[in-house]
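*Asks:* Here's a sequence, model it:
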Amino acid sequence: MTLIKEKTLGEKVRGDFPILHQEVNGHPLVYLDNAATSQKPQVVLDAIQNYYQTYNSNVHRGIHTLSAKATDEYEKARQKVVEFINADSYQEIIYTRNASEAVNLVAYSWGWENLRAGDEIILSVMEHHSNLVPWQMLAKKTGAVIKYVGLTANQEFDFEEFKTLISPQAKLVAVLQMSNVLGCINPVKEITEIAHQCGAKVLIDACQSLPHLPINVKEIDCDWLVGSGHKMCGPTGIGFLYGKREILESMSPFLGGGEMIGEVSLEGFTCGELPHKFEAGTPAIGEAIALGAALDYLMKIGLDKIHAYEQELTAYLFKKLSDVPEITIYGPPPTAEGKGRAALASFSAGEIHPNDLSMLLNDSGVAVRSGHHCTQPLHKYLKVNSTARASCYFYNTHEDIDAFVVALKEAIAFFKQMS
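*Replies:* The predicted structure is shown next:
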C-alpha cells in the first residue's frame, strides 16, 4: 500500500499566485524576496480589476450607485483591518500610502505637539530607515534626544539595556516587532508595559510581523502600530496606522484638503470625524479594497497556520544553509523546530559582494535581496557593508529552498574559481 504524502501549505496555495508559475532566465522562478514585498493571489488581482472595471468612483458624499458601492467596499476593507489586528473600532484605522507615511503622521502630528528639548525617544539599532529618519528629523527640530537599544551577543533586542535606558524623560518608544535583517522577534508587549510605566507612548512597526504572525493590538497595548499592504499579499500604495482612539482624537491633522474636513469657510475649517480627519484628498480606493481582499485571503488560511508552516520552512532553511560553510548568517539561530525567528536569512559570504552573489542567483531563477535592506545603521553596528537575504512566505516550498541552496553553492564555487 502506497501512502500519499499530504501536501504542505506552500504546495496547496501556489496555484493562487499566477506570478509564481513563470520562468526567469530559463529556470522556474524561486521567489525568496518576500521581506521586501510579497506576491499577490488572484483574488487580490481580481478585486482591484473589478473595482476599476465595474464601480470605479470616488468615495464618500457621492449619492449615485457607483460611489455608494465604492464607499461601501472601501469602508468594509477598513473593518477587515480592524478584525485582522483586533482593534476596537474602524475609527482607529487610518489609511496611508504606506507604513512610512504612517510613522511620519505620528511624528508630525503627535510629535510636534508633544516633544520638547530634552525629551527622549527610544529606538533600537535594528530599526528600518522608515522608523529612524522621521524621529531623527523630529529630534533635530524639537531638541529631543534619541537613545538606541543595542543587541545581545545573540544579535537580538537587548531588553536588559532597554530597561536601563527608559526613564521618565522618555516620551516615545518606537520599535519594530520583527527585524527584516536579523529575523528576531522582539517582545513588544513587555516593551510596551515598561514604557507605559515610565509614561512613554509606544509605536510598533509591524510591517514584517503582520504577514506572518497573529497580531492583537489590545494585548500588546501599543498606542500606535503601522502596517504595509504590499508585504501581506496586498497591492502597493496602501498601508495603515492603528492608533488608540483617544490619542488620535487629541492629534491635529497631518495634511489638509478635501475629505478631512467637517466644514470650511473663508475664515477657517473644522476637522472631520475619525478616521477621515487624517485622510486628506482622494484616497487609494482600489488599493484599499484589494487590501481587504488580501486580508480575507490570509484570514481564511489562518495566521496561526501560516506561522506554523513558516516555522517548518525556517528549520529547513537553516538546516540546508548549514551545509554552506562559506556563509555567515546574522541574527539568532532558530530552534530545531524553527521557532524563535522569522523565515529569513541575511548572510555574507566572505569577500564575495552580496550584489554579485545575487546576480548569479538570479541567473538560476532565484530572486533574493542584496544591500543594506534600509538598515544602514544596523549593518554598521554588525561591521558589515551589506548582506544578501533570502526570505520566505507561506507560498514557498522546501523545493524552493533546495533550488536556492544549490544555486548558492554553485555561485560561491564560481567566485572561488575566479579568485
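*Asks:* How about the secondary structure of the residue nearest the centre of the chain?
*Replies:* By CA atoms, centre = their mean, the chain has its centre lying nearest to C207, at 1.5 Å. Following DSSP: H, G, I helix; E, B strand; the rest coil, C207 is assigned to coil.
*Asks:* likewise A139?
*Replies:* Assigned with three-state DSSP, A139 falls in the helix class.
*Asks:* Do I have it right that it meets I122?
*Replies:* No. If you go by CB atoms under 8 Å, A139 and I122 don't touch, sitting 11.8 Å apart. Yep, even glycine has a C-beta here, placed from its N, CA and C like the rest.
*Asks:* More neighbours: which of the two?
*Replies:* I122 (26 against 19; other CB atoms under 10 Å).
*Asks:* What strands line up against the strand of greatest length in the chain, and which way round?
*Replies:* Determined from DSSP state E, the single longest strand within the chain is strand 170-176. Here strand 170-176 is paired, per DSSP bridges, with strand 120-124 (parallel), strand 201-205 (parallel).
*Asks:* so K80 makes contact with L298?
*Replies:* No. Counting by CB under 8 Å, K80 stays clear of L298, with 9.8 Å between them.
*Asks:* and for A139 and I122, which residues touch both?
*Replies:* I146 (CB atoms under 8 Å, 6 or more residues apart in numbering).
*Asks:* Contacts made by stretch 7-25 with the rest, please.
*Replies:* 28-29, 31, 39-43, 45, 297, 301, 305-306, 309, 312-313, 362-365, 367, 394-398, 400.
*Asks:* no, scratch that, I was asking about stretch 50-58
*Replies:* 64-67, 69-70, 73, 282, 285-286, 289-290.
*Asks:* and which of these is nearest to Q177?
*Replies:* For the contacts of stretch 50-58, the minimum distance to Q177 (CB to CB) is 24.0 Å, reached by A290.
*Asks:* Please tell me how far A47 sits from E75.
*Replies:* 15 Å (CB to CB, to the nearest Å).
*Asks:* So for the two, which sits in the more crowded spot?
*Replies:* The neighbour comparison of A47 against E75 (other CB under 10 Å) goes to A47, with 25 against 17.
*Asks:* separation between that one and F17?
*Replies:* Computed with CB to CB, the distance linking A47 and F17 is 15 Å.
*Asks:* State the separation between whatever helix or strand E161 lives in and the centre of the chain it belongs to.
*Replies:* Using DSSP states H and E, E161 sits within helix 159-165. Mean-position distance between helix 159-165 and its chain equals 25 Å (CA atoms, centre = their mean, to the nearest Å).
*Asks:* Outline the domain layout of this structure.
*Replies:* 9-31+302-418, 45-299 (automatic domain parsing).
*Asks:* quick one: K40 is in a helix?
*Replies:* No. Residue state for K40 (three-state DSSP) corresponds to coil; a helix is not indicated.
*Asks:* ok, now how distant is the closest residue to it other than its chain neighbours from L303?
*Replies:* In this structure, K40 finds its nearest non-sequential neighbour in C233, 5.9 Å apart by CB to CB, 6 or more residues apart in numbering. Distance, C233 to L303, using CB to CB: 12 Å.
*Asks:* which one of these two has more residues nearby?
*Replies:* With neighbours defined as other CB under 10 Å, C233 and L303 compare such that C233 has more, 28 against 17.
*Asks:* Am I right that that one sits in a strand?
*Replies:* No. Per three-state DSSP, C233 lies outside any strand segment and is coil.
*Asks:* residues touching it, list them.
*Replies:* So C233 contacts 38-41, 44, 211, 294, 297-298 (CB under 8 Å, 6+ apart).
*Asks:* ok, now which ones touch the nearest residue to F157 once chain neighbours are set aside?
*Replies:* Take F157 and drop its neighbours on the chain: the residue closest to it by CB to CB, 6+ apart is N186, 4.5 Å away. Each residue near N186 by CB under 8 Å, 6+ apart is listed here: 124, 156-157, 175-179.
*Asks:* Which one (most neighbours) among those residues?
*Replies:* Going by other CB under 10 Å, S179 tops those with 32 neighbours.
*Asks:* tally of neighbours for the closest residue to Y31 other than its chain neighbours?
*Replies:* Excluding the flanking residues, the one nearest Y31 by CB to CB, 6+ apart is A367, at 5.0 Å. By the criterion of other CB under 10 Å, A367 has 17 neighbours.
*Asks:* what's the answer for the one 5 residues further on, then?
*Replies:* Per other CB under 10 Å, the neighbour tally for H372 reads 17.
*Asks:* pLDDT below threshold where in the stretch 101-250 of the chain?
*Replies:* Along the stretch 101-250 of the chain, no part satisfies pLDDT under 70.
*Asks:* need the helices for it, in chain order.
*Replies:* Secondary structure of the stretch 101-250 of the chain (DSSP state H, counting those that start in this stretch): helices located at 112-114, 133-142, 159-165, 188-197, 217-220, 245-250.
*Asks:* which secondary structure elements does the third one contact?
*Replies:* With contacts defined as 3 or more CB pairs under 8 Å, 6 or more residues apart in numbering; DSSP states H and E, helix 159-165 has these neighbours: strand 145-149, helix 188-197.
*Asks:* how about those in a markdown table, adding distance to S252 and mean neighbour count?
*Replies:* A markdown table is the format used below for the helices and strands packed on helix 159-165 (distance: least, CB to CB, whole Å; neighbours: other CB atoms under 10 Å):
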| stretch | distance to S252 | mean neighbour count |
| --- | --- | --- |
| strand 145-149 | 23 | 18 |
| helix 188-197 | 23 | 18 |
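*Asks:* Dump those into TSV; add distance to L317 as well.
*Replies:* Converted to TSV, the helices and strands packed on helix 159-165 look like this (distance: least, CB to CB, whole Å):
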stretch	distance to L317
strand 145-149	27
helix 188-197	24
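*Asks:* which stretch among those comes nearest N216?
*Replies:* helix 188-197 (9.2 Å).
*Asks:* helices or strands up against the closest one?
*Replies:* Secondary-structure packing of helix 188-197 (3+ CB pairs under 8 Å, 6+ apart): helix 159-165, strand 170-176, strand 201-205, helix 217-220.
*Asks:* how about 7 Å then?
*Replies:* Helices and strands touching helix 188-197, by 3 or more CB pairs under 7 Å, 6 or more residues apart in numbering; DSSP states H and E, are strand 170-176, strand 201-205, helix 217-220.
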